[in-house]
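What follows is a protein structure lacking sequence information:
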């Protein structure tokens, strides 16, 4: 199975985990006060924990040795107070971050969703949605956990260790030095570990993404899998992928185990050494027993902070790769959002500078007047931004003019680029060269929202969203559209079946709703396209799933809509072509003929072939 | 470890309030009926095959803890015995302490390594098993289940829900065992050091236990809500990304943001609730622990003061005490991941408890050998009636025989029941009454591989799986050679466009330049079906996105390929009918006309109407 291109094209430059994690700052910023306060509280709480052994020492060397009951009571009281403080501080820390951290996670998820919705369609063609989903779920959970624990505790444990070491050095200099012995080898080990772990962690996360993709495809393509009885081989593919993931996870575990072993062993050896040296000193009378107890108690209290560094680093590393994966998507440039310009018409500044640089305005220019109205393609070329260099463009200097109020059918062989051409009008893809104007205005001079409000589209694959029938249709209209508009649109699309649904137009459809047939969905998609009475209409084979009677009825109703709408209709059948005033033939990336249906039937062999399937036509060798 | 609550508690967090379907439909609320005990049974069945390895892993942890916990004991020994001995110039005990400490350090490191790798292996195997089970089960469940359970929820089951079990296994179980072990060890040590002090420490377990129970109850609710909430987020996410074109074209971005925000908020809130529950637990447990420490020290110090306790023993006891309560936080973390995993497991168990409404036969039969050299088989609908489970009859009782080798066109308006007829034949559904027979064998008695050698269905939704074009065609017959794949593609007229792709048949459908139009996808789907070489081929609107030459090419191919095969073709375009031997006209679930195309066209029934209208549409 494939990995995403992004995985392959991942920058090899090993950016440090810290630099990557710093990119989280803008999201953390709003909750920084609470987060820092919480970290401060945690530091204080840990220090309180470190003071407890000192109180013990004071009790052992003082009241206990002196047999002073009052002193013992006092010591116990101190212990109790410190204990209560520690407990409350721990609770306070968690209380401080609980809501803010969930908020950060949610904000990052909302940000990802918002961003993904605005990324070019070409991006979505490239990325399996499983990879996107795993970024929005697993990766973000990792990040929240990172902010909740490793981030705070790397700081807290660092401070705790530092304070602990100072306390130990203050109590006994020699013993302190003995304890500090393993610090350097441990740091070296951690650095080595961090590097290797980072690679494996990234690999594992990508593999999770691939696995998610297979799961998703297995669910979305279930009818095909069932239709061919392939669920076993699908399960085998899944098994192989998950077995690979298991292998990677085990590699991760071995690395983790190694660093844990080091982190457990070295400090223990140091404590043992300190115990022996300390015992000798106590025997020689250079050290009090109380000091040794307190010293070892402190050292043991530091064991957890030191040991935890292993998994804290591992978690941080995973968080860093999660961040990297998150920003891989967030760094993609969204469709340019042209600032909403003041009313007044004329050419406006285009914010999509990358595109503007390549715009070549044809010599004849945008002459004003009736001739400029409607939809005009001016030597439009298009190749997919990710197409291999040197491959022929999908559309090659297409010139096409649809006059205001006119409807034009676009005909071409399967795969000739009809759908691509229609996608250029609402700027789902960007023209590579040339330009498209609507009523004389370059579509890139309009904001996308403005453009898409003017142009309504019905796609070949009618997608309904989880909402009511009415909501799905009214999506195509402005906020002021009412039930009348809905009824009109449903009537045009001959979607009377809607009224027979359990709740009429309030019936839920889409993934979580009432399942509709292909023909029913197509009619709703058509209703959605016409409900807003758009100036420009783009219909991609809008009647393909309809039976002949329904098709005829829809055509009759649609004719009235088309009478005063400028429309571009992709057509496969003569019946659909006849909806339009004129026909354009798209072949080899160019418009090779324009005329009425009957003209072209007579004069153009390729057209006649496409419309009647006549055998005599010789296949064009290039297509 | 108490069994998780398995009763079906409808969560108060109804992620998608819907007017339709009624409150009784579990599919509406993402709460499938989970049989009592199913969750615990699932966990047991996952762990059972690993029993031996779990035991070894636990033993490793046990030894590791023994090594770690030796420390304070050595401290007590050093202070009470080795120091006085050293003063008497007897260095032996101190050397013993040094060696002992070194050994315990080395042992705890080595055992730690062994334990982590061993437990990772167990965890990963359990996850592999569970992932596979969910996937296989989801694949085995019938189409009608998939039509009701949303794909987003299914994805959420096998991603986030499995993830929470992963957390439980990779961190939680280790925590639990460590916690229990250290409780047992340290209590034993304390009791051994001094019975009185030990007893006080053990007594403190009672309030701790009550606290744990309280937390478990409260957190369970919160986690269940959270799991539902994240599933709703995923559903929305997947729906948006899969419908990105209309989202863009209809400027749904802002409205979607708003809807997503609501779902996301709901998840945020339940997430925060979960963290707050944890915070309450931590405060409570720390309070109990620290109070107990103060009490024990007070009493111990008193007794040292009056000489009934040795100083070294008190020192060791205090060191142990600190450790005794250290793992309570970690117990909290375990409970945390346990609750979260229990909520997830409950949902997974609910999914796994769904039985396919189209089950595999327990005693599968084989199809009889083909008669003569014809690849087709006879199809009989014997007293078949079909109604949805929720009621609503789609196909009233009917009988129908399709002789082997016949090509049958099924026409009729949308909703007439054509697709249902096809799905019954493809065994996507089982009939409510009656039987569907293939050469005399009930479809329900055929194992999947045998069934799919017999019947294959091509639908209009031409979904492509990630992988190469060749892979996608080979789905029809995985053992096909490249030659056979190309032959199938050529026969259907797909070879030209595939060869023109950047890497030809090896072009990854999601990679650079791998864009494939809807019509081309349908051609790939056809090639797939040809390659599968079934006895009965069902085409449900399979040519809707093709242009006329494409459709003609497909028909030409079919005319040769279908030679002798039984075929059921559903199409709105009556051109298909021209290659049919027989036409069925359906209306309101009934077959209203049945005959050869010529006879029906010549007649005065619905088909001749349809045919005239279609002729007119061709101009």
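Cool, the structure landed. Given the structure is predicted, the values throughout are model-derived calculations rather than measurements.

got a list of contacts for stretch A:546-564?
Here stretch A:546-564 makes contact (C-beta atoms under 8 Å, 6 or more residues apart in numbering or on different chains) with A:405, A:407, A:491-494, A:519, A:522-523, A:526, A:530, A:537, A:543, A:575-576, A:578-580, B:411-414, B:572, B:574, B:610, B:613-614, B:617. Placement of C-beta: from N, CA and C, glycine included.

Same question for stretch B:133-146.
Applying C-beta under 8 Å, 6+ apart, the external contacts of stretch B:133-146 come out as A:215, A:218-219, A:222-223, A:225-226, A:231, A:234-235, A:238, B:154, B:157-158, B:162, B:348, B:351-352, B:354, B:356-358, B:360, B:389, B:423, B:428-429.

For those residues, which PyMOL command selects only the ones that are buried?
For the buried members of those, the matching PyMOL selection, counting by 16 or more other C-beta atoms under 10 Å in any protein chain shown, is:
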select buried, (chain A and resi 215+218+219+222+223+225+226+231+234+235+238) or (chain B and resi 154+157+158+162+348+351+352+354+358+423+428+429)
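
Tell me which of the contacts of stretch B:133-146 fall in helices.
Of the contacts of stretch B:133-146, the ones assigned to helices by DSSP state H are A:215, A:218-219, A:222-223, A:225-226, A:231, A:234-235, A:238, B:154, B:162, B:348, B:351-352, B:423.

buried ones in stretch A:234-254?
Under the neighbour-count criterion of 16+ other C-beta under 10 Å, stretch A:234-254 has A:234-235, A:237-238, A:241-242, A:244-246, A:248-253 buried.

with the residues you listed in mind, which one is nearest to chain B?
residue A:253 (3.2 Å; C-beta to the nearest C-beta).

elements contacting the helix or strand that contains the closest one?
Secondary structure from DSSP states H and E places residue A:253 in helix A:231-283. Helices and strands touching helix A:231-283, by 3 or more C-beta pairs under 8 Å, 6 or more residues apart in numbering or on different chains; DSSP states H and E, are helix A:173-180, helix A:183-220, helix A:289-301, helix A:303-330, helix B:51-77, helix B:83-87, helix B:92-140, helix B:448-454.

most tightly surrounded among those helices?
helix A:289-301 (a mean of 23; mean count of other C-beta atoms under 10 Å in any protein chain shown).

Wait, a strand at residue B:32?
No - assessed with DSSP: H, G, I helix; E, B strand; the rest coil, residue B:32 is coil; it does not lie in a strand.

Mind pulling the model confidence for it?
The per-residue pLDDT reported for residue B:32 equals 70.

Compute the number of surrounding residues for it.
21 (other C-beta atoms under 10 Å in any protein chain shown).

ok, now which ones touch it?
By C-beta under 8 Å, 6+ apart, residue B:32 lies in contact with B:26, B:149, B:347, B:350, B:351, B:353, B:354.

Settle this for me: the fifth one is touching residue B:158, isn't it.
No - counting by C-beta atoms under 8 Å, residue B:158 is not a contact partner of residue B:351; they are 9.1 Å apart.

what does the stretch 301-450 of chain B put close to chain A?
For the stretch 301-450 of chain B, the residues in contact with chain A (C-beta under 8 Å from any C-beta of the partner chain) are B:301-302, B:304-306, B:311, B:314-315, B:318-319, B:322-323, B:326, B:329, B:411-415, B:419, B:426, B:428, B:448-449.

Just the buried ones from those residues?
Buried subset of these (neighbour count, 16+ other C-beta under 10 Å): B:301-302, B:304-305, B:311, B:314-315, B:318-319, B:322-323, B:326, B:329, B:411-415, B:419, B:426, B:428, B:448.

now, which of the residues you listed lie within strands?
B:411, B:412 (DSSP state E).

Out of the buried ones among the residues of the stretch 301-450 of chain B next to chain A, name the ones that lie in helices.
Per DSSP H, helices hold the following members of these: B:301-302, B:304-305, B:311, B:314-315, B:318-319, B:322-323, B:329, B:419, B:448.

Nearest to residue B:99 among those residues?
residue B:319 (20.4 Å; C-beta to C-beta).

So for the closest one, what's the pLDDT?
On pLDDT, residue B:319 comes in at 73.

Name the nearest residue to it, ignoring sequence neighbours.
In space, and not counting its chain neighbours, residue B:319 is closest to residue B:72: 4.1 Å by C-beta to C-beta, 6 or more residues apart in numbering or on different chains.

Residue A:589 too?
Among residues not flanking residue A:589 along the chain, residue A:396 sits closest, at 3.9 Å (C-beta to C-beta, 6+ apart).

Which strand residues bridge residue A:376?
Taking DSSP bridges as the rule, residue A:376 bridges to residue A:401, residue A:437.

just the strands in the chain please.
Answering for chain A, as no chain was given. Counting by DSSP E, chain A has strands at residues A:375-382, A:395-402, A:407-412, A:433-438, A:441-442, A:455-458, A:467-468, A:508-509, A:536-540, A:566-570, A:582-587, A:590-595.

let's do chain B instead
Under DSSP E, chain B gives strands at B:379-387, B:393-402, B:407-412, B:433-438, B:441-442, B:455-458, B:536-540, B:566-570, B:582-587, B:590-595.

Tabulate these in a markdown table, adding columns for mean pLDDT.
Rendered in a markdown table, the data for the strands of chain B read as follows (pLDDT from 0 to 100):
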| stretch | mean pLDDT |
| --- | --- |
| strand B:379-387 | 92 |
| strand B:393-402 | 90 |
| strand B:407-412 | 88 |
| strand B:433-438 | 92 |
| strand B:441-442 | 92 |
| strand B:455-458 | 86 |
| strand B:536-540 | 87 |
| strand B:566-570 | 89 |
| strand B:582-587 | 89 |
| strand B:590-595 | 88 |
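
how's chain B carved up into domains?
Annotated domains of chain B cover B:36-352, B:379-618 [automatic domain parsing].

so what's residue A:137 up against?
Counting by C-beta under 8 Å, 6+ apart, residue A:137 touches B:159, B:160, B:163, B:230, B:233, B:234.

okay if I get the helices and strands packed on helix A:231-283 as TSV plus mean pLDDT and distance to residue A:462?
Shown next, in TSV, are the helices and strands packed on helix A:231-283 (pLDDT from 0 to 100; distance: least, C-beta to C-beta, whole Å):
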stretch	mean pLDDT	distance to residue A:462
helix A:173-180	84	70
helix A:183-220	85	16
helix A:289-301	79	66
helix A:303-330	85	28
helix B:51-77	84	52
helix B:83-87	83	86
helix B:92-140	89	26
helix B:448-454	84	29
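
count of neighbours near the residue nearest to residue A:122 when sequence neighbours are not counted?
In space, and not counting its chain neighbours, residue A:122 is closest to residue A:385: 5.5 Å by C-beta to C-beta, 6+ apart. Residue A:385 has 13 neighbours, counted by other C-beta under 10 Å.

Okay, now the unreliable bits of the stretch 451-600 of chain B?
Counting by pLDDT under 70, the stretch 451-600 of chain B has low-confidence residues at B:461, B:510-514, B:573-575.

and what of the stretch 101-250 of chain B?
Residues of the stretch 101-250 of chain B meeting the criterion pLDDT under 70: B:173.

got a list of what the nearest residue to residue B:416 once chain neighbours are set aside touches?
Closest residue to residue B:416 apart from its sequence neighbours, by C-beta to C-beta, 6+ apart: residue B:586 at 4.2 Å. With contact set as C-beta under 8 Å, 6+ apart, residue B:586 has these partners: B:410, B:411, B:412, B:416, B:417, B:418, B:421, B:592.

again, only using 6 Å
B:412, B:416, B:417, B:418 (C-beta atoms under 6 Å, 6 or more residues apart in numbering or on different chains).

what does residue A:211 give?
residue A:241.

mind running it again at 7 Å?
Taking C-beta atoms under 7 Å, 6 or more residues apart in numbering or on different chains as the criterion, residue A:211 is in contact with A:241, A:242, A:245.
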